[in-house]
Structures are given as structure tokens and as C-alpha cells.
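**Student:** structural data only, the sequence is not supplied:
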């Protein structure tokens, strides 16, 4: 009987990491390491502890995701999002194991009128997007078996995200203004974890598709305003207070880092190569909310 797969999950308390820990439980021996044990900001310190763990698969679920804060601390953002993933990829190549890494819609400028495919040329608008693109490039340069999974608008019932912020504000205020001209696909962390589990299963079963970069978001599209409306509808169904929502333009809500107006990602390649598909964003939201405890 073969030994269980040793899966190193880098990142411990983030939305995606928590979802992975739940979904991958039972698929192997999970080695979960937070920043107190593997600090991606100190990339030079990563190699020895990772090699000592002897993982059979590395999943990098850690990142500098504070988009606006990245504008004022680019060196830290690039250390965590670019330098460290490159080193993780080198370790994976030298160890002969795969690396799964998560990236973002923010590598694009949002000017394309249609969903972005993996063949579209990235053009990030801010430091966060540039640092994530640099991380992608570092992984690709290292080569080896890797999956770079670009996703968007990640939320869950844990941590800090749009869903939880909206649930709080909608119940606290009589009226709320939400941006309506940025379009994308809200993607539940549980969807990302489930798709990741399927990819690992395909690989272990010898049914792996081509390694490389893929888009992984929920199906369908909406605006932040539309997402907020769906969250509000759920509050009303639970007989909770809900603010009156007002749509506004991005120009009415300036932020330190510019956001792409079009964050839609075409995920057909992941379905074609790996036979992995995602649910519609509304059904995934309902599944997420059904498991939420108040």
C-alpha cells in the first residue's frame, strides 16, 4: 500500500487555505504552514524547511492580497507575490513534484469588451496586479509541473471579504452605495477548493491535462452592485434588516489602486484540458450561505 500524498499548503488562515483544508482532508497528509512557519516575505528562508517536509505536492494559498495597501508597500507585495512563488516553483522542479498557485483577474487592465482568455496579454493596472503577474512569470520560467489558477472576487464566510462586509453594512445602514460598473464573477473559496481537489484527483489518476495557466471562476457574471443585491436578498429571506442599495460608478468611489472594469475570465480551457467545471455564481453563493452560522 502506497504512502498517502503529502500535501503542503502554504497559508493557514486565508479564505482559500481554510477551504482547501476542509476539502482536501482525507486526500492525503495535509502539511499546513502559516506565515509564522513559512514567511513568504522572507523568501530566502523557504527552501530548507520545505525540503525537510518532503511534500509530494505544494499548494501556494498565501499572497499579499491587500490591493490598496500594495500601492504603498510594493517591495513587500513583490516579495510575497513574485519572489517567493518563483522560489517555490524552483523547489518543486528540483523535487520533481507539482506546484499549484493561485493568481488573479487583476493581471488584466479590464479594457477588453469580452471575457479574458489565457492567451490574452496581461496589462495590470496597479502594484498588486503587477506583483501577481511577476509571480506567474517566475513560475513559468522555472518550468516543471505547475498550475497557475487565476480567479476573481473571492469570498467565503470567514476572514475579510465583500460578502461579510456587505452583510454587516446592509444591516447597519439605511442606504448603501455600491459600484455597478465593474463586472466579474464572485467566486466562493469552496468552489476554488473543490476544483483544486478535482485537479489533484485527475493528476493522481494519470488523467492530467496540460500543465500551465488556467482561469478558474464561477460561471456567469454580475457587478459588485449585483453581488450586493444577491446578498441583500438572502438577508431579507432570513428576516434580517437590509439597506436600500444605490448603484454608483467607480469614479464615485476612488481607491488608491485602480480596479479593472472587466474582470470576466473565460474558463473553457480548464474544462477542455482537465474536465473541471465550476457552478454558476448564484448557486455557489446559495451553497456558501446555506452553511453559514449566525
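**Tutor:** That came through fine. Note that the structure is a prediction, hence the values are computed from the model and not measured.
**Student:** all helices for the stretch 1-150 of the chain, in order.
**Tutor:** Taking DSSP state H, counting those that start in this stretch as the criterion, the stretch 1-150 of the chain contains helices spanning 15-23, 47-53, 67-70, 74-78, 84-95, 127-142.
**Student:** how about the ones you listed in JSON lines, adding distance to residue 262, mean neighbour count and mean pLDDT?
**Tutor:** For the C-beta atoms, the positions are set from N, CA and C on the backbone; glycine is no exception. Below are the helices of the stretch 1-150 of the chain laid out as JSON lines (distance: least, C-beta to C-beta, whole Å; neighbours: other C-beta atoms under 10 Å; pLDDT from 0 to 100):
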{"stretch": "helix 15-23", "distance to residue 262": "23", "mean neighbour count": "22", "mean pLDDT": "97"}
{"stretch": "helix 47-53", "distance to residue 262": "37", "mean neighbour count": "13", "mean pLDDT": "95"}
{"stretch": "helix 67-70", "distance to residue 262": "16", "mean neighbour count": "18", "mean pLDDT": "95"}
{"stretch": "helix 74-78", "distance to residue 262": "23", "mean neighbour count": "18", "mean pLDDT": "96"}
{"stretch": "helix 84-95", "distance to residue 262": "25", "mean neighbour count": "22", "mean pLDDT": "97"}
{"stretch": "helix 127-142", "distance to residue 262": "13", "mean neighbour count": "22", "mean pLDDT": "98"}
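**Student:** now these as a markdown table including distance to residue 252?
**Tutor:** Shown next, in a markdown table, are the helices of the stretch 1-150 of the chain (distance: least, C-beta to C-beta, whole Å):
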| stretch | distance to residue 252 |
| --- | --- |
| helix 15-23 | 28 |
| helix 47-53 | 46 |
| helix 67-70 | 17 |
| helix 74-78 | 27 |
| helix 84-95 | 35 |
| helix 127-142 | 22 |
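**Student:** nearest to residue 121, of the ones you listed?
**Tutor:** helix 127-142 (10.5 Å; C-beta to C-beta).
**Student:** show me what that closest one is packed up against.
**Tutor:** Helix 127-142 is packed against helix 67-70, helix 74-78, helix 84-95, strand 99-104, strand 146-151, strand 212-215, with contacts defined by 3 or more C-beta pairs under 8 Å, 6 or more residues apart in numbering; DSSP states H and E.
**Student:** can you tell me which of these is nearest to residue 224?
**Tutor:** That would be helix 67-70 among the helices and strands packed on helix 127-142, by C-beta to C-beta, at 13.6 Å.
**Student:** show me how far the closest one is from its chain's centre.
**Tutor:** 16 Å (C-alpha atoms, centre = their mean, to the nearest Å).
**Student:** can you check stretch 145-160 too?
**Tutor:** Worked out by C-alpha atoms, centre = their mean, stretch 145-160 lies 1 Å from the chain centre.
**Student:** number the residues from 13 up from this point.
**Tutor:** Noted, 13 is the first residue going forward, which turns the last one into stretch 157-172.
**Student:** buried residues of that stretch, list them for me.
**Tutor:** Using 16 or more other C-beta atoms under 10 Å as the test for burial, stretch 157-172 gives 157-171.
**Student:** sort these by pLDDT and name the bottom one.
**Tutor:** For these, the weakest pLDDT value sits at residue 171, with 86.
**Student:** residue contacts, the residue lying closest to that one once chain neighbours are set aside?
**Tutor:** Nearest residue to residue 171 in three dimensions, chain neighbours excluded: residue 27, at 4.8 Å (C-beta to C-beta, 6 or more residues apart in numbering). By C-beta atoms under 8 Å, 6 or more residues apart in numbering, residue 27 lies in contact with 166-168, 170-171, 173, 201.
**Student:** do residue 194 as well
**Tutor:** 122, 235-236, 262, 271-275.
**Student:** what's the distance between it and residue 300?
**Tutor:** Per C-beta to C-beta, to the nearest Å, residue 194 is found 21 Å from residue 300.
**Student:** ok so, going back, among the buried residues of stretch 157-172, which one lies nearest to residue 290?
**Tutor:** residue 163 (9.6 Å).
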